[in-house]
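S.K.: Have a look at this prediction, sequence included:
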Amino acid sequence: MLMRFFDPASVYARRAQRCLDDARMAALEHENAAEHHMALAKMYRHRAARLEAELASADRSTHAMADTAGQPPRIAALKKPRDHRQTQPTFLAQGSSA
């Protein structure tokens, strides 16, 4: 009975099996980490490309702004001016559903 637990061949076999399980688990963890790092690398490549495009368009717009430096800037009103002579009530009347 004790020979089953303390037999050098079975001890070695159990240790080898444990090492094999650890190696498989480590390989799986490293494969998962590699997938994660590949996704991060792809994300950062896209980010760098997007930022480079933004900087290139900003450079082009700065050159376009430099070309029109002699012209005065155009100012356009976005809203109609309100007539300040009309007074509006400061409070709503009771019972109104505005």
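M.R.: Yep, it's here. Please read all numbers here as calculations on a predicted model, not as lab measurements.
S.K.: any idea how far Ala26 is from Pro14?
M.R.: Small correction: residue 14 is Arg, not Pro. 19 Å (C-beta to C-beta, to the nearest Å). For every residue, glycine as well, the C-beta is placed using N, CA and C.
S.K.: again with Tyr12
M.R.: Tyr12 is 21 Å from Ala26, by C-beta to C-beta.
S.K.: now swap in Ser57 and tell me
M.R.: Using C-beta to C-beta, Ser57 is found at 47 Å from Ala26.
S.K.: same thing with Arg60?
M.R.: Look at Arg60 and Ala26: by C-beta to C-beta, they are 51 Å apart.
S.K.: Next: Ala48.
M.R.: From Ala48 to Ala26 the distance is 32 Å (C-beta to C-beta).
S.K.: what does Leu20 give?
M.R.: Going from Leu20 to Ala26 by C-beta to C-beta gives 11 Å.
S.K.: residue ranges with poor pLDDT in the chain?
M.R.: For the chain, the stretches flagged by pLDDT under 70 are 1-2, 4-5, 63-98.
S.K.: what ranges do the helices span in it?
M.R.: With DSSP state H as the criterion, the chain has helices at 2-6, 8-67.
S.K.: Put together a markdown table for those, with mean neighbour count on each row.
M.R.: As requested, these are exported to a markdown table (neighbours: other C-beta atoms under 10 Å):
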| stretch | mean neighbour count |
| --- | --- |
| helix 2-6 | 8 |
| helix 8-67 | 10 |
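S.K.: how about Ala49, what does it touch?
M.R.: Neighbouring residues of Ala49 by C-beta atoms under 8 Å, 6 or more residues apart in numbering: there are none.
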